[in-house]
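>>> sequence and predicted structure below; questions after.
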Amino acid sequence: MNHGCGSRAEMLAEVSAAASFVSRLLRSRGFLSEKQLQVFRDYLQQSLSEHYQHHWFPDRPQKGSGYRCIRINHEMDPLIGKAACRIGLTSAQLFSLLPRELTLWVDPYEVSYRIGEDGSICVLYEAEAEPPASAPSPSPYDHQSLNCKNRFMMGGRTSPPKNYLMTVSS
């Protein structure tokens, strides 16, 4: 039973799904060669594995979620930036190839993303296996825990989005 941090092998599927997703976003613009995309994907996967090594808790998947949250929002996520640098992309090129706002949650058993501040959250990867028996049973209220993803879902912002209209009916 692993109460501590996970090994790289334990997070391989999740990290691979995340790196492949970002690579697919880059591929969709047709700017990069398959070789560049492969180098980017491999480097990002390795970087994520190393970065998450002491922040991966399969018995408590919510723990460390904020640390594992990848964000592009007026600033480039440093791990994506380093992988892009590895294949010769400038910061300006990278910003032009990826969505202006992207949030990617890489958690044990699930990888999900949202494009745009108000976009829907979509699941990229969900483990078929159940979490370990040592994990607490999910309750109907688990969706309210304040991990990185759920803070966004539950209105963790301090002001409404710019395109938000409030209507009052009598």
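Here it is on my side, so go on. Numbers count the residues shown, from 1 in each chain.

>>> C-alpha only now, for contacts and for neighbours.
Noted.

>>> ok, K63 to Y113 distance?
Taken as C-alpha to C-alpha, to the nearest Å, the spacing of K63 relative to Y113 amounts to 18 Å.

>>> low-confidence ranges, this structure, go.
Residue ranges of the chain with pLDDT under 70: 1-8, 129-170.

>>> all the strands of it, residue numbers only.
Per DSSP state E, the chain has strands spanning 69-73, 101-107, 110-115, 122-126. These are given in chain order.

>>> which strands and helices lie in contact with the last one?
Right, the one you point to is strand 122-126. Helices and strands touching strand 122-126, as assessed by 3 or more C-alpha pairs under 8 Å, 6 or more residues apart in numbering; DSSP states H and E, comprise helix 12-27, strand 110-115.

>>> and K63 and Y113? Which one has more around it.
Of the pair K63 and Y113, Y113 is the one with more neighbours under other C-alpha atoms under 10 Å, namely 23 against 18.

>>> who is the more buried one paired with across the strands?
With DSSP bridges applied, Y113 shows beta-bridge pairing to L104, C122.

>>> quick one: contacts for it?
Y113 makes contact with L102, T103, L104, W105, I121, C122, V123, L124, according to C-alpha atoms under 8 Å, 6 or more residues apart in numbering.

>>> rerun at 10 Å
18, 21, 69-71, 102-106, 119-125, 149 (C-alpha atoms under 10 Å, 6 or more residues apart in numbering).

>>> V22 too?
Counting by C-alpha under 10 Å, 6+ apart, V22 touches L37, F40, R41, L44, I80, L98, L102, L104.

>>> ok, 8 Å please
Listed by C-alpha under 8 Å, 6+ apart, the contact set of V22 reads R41.

>>> now do it against H54, distance only.
Counting by C-alpha to C-alpha, the gap from V22 to H54 is 23 Å.

>>> same thing with C122?
From C122 over to H54 the distance is 26 Å, taken as C-alpha to C-alpha.

>>> OK, contacts around D107?
Under the criterion of C-alpha under 8 Å, 6+ apart, the contact partners of D107 comprise E14, W56, P61, Q62, S65, R68.

>>> which one of the residues you listed is nearest to L89?
Of all the contacts of D107, L89 sits closest to R68, with 23.5 Å by C-alpha to C-alpha.

>>> would you confirm that the closest one contacts Q53?
No - the pair R68 and Q53 does not pass the contact test of C-alpha atoms under 8 Å, sitting 10.2 Å apart.
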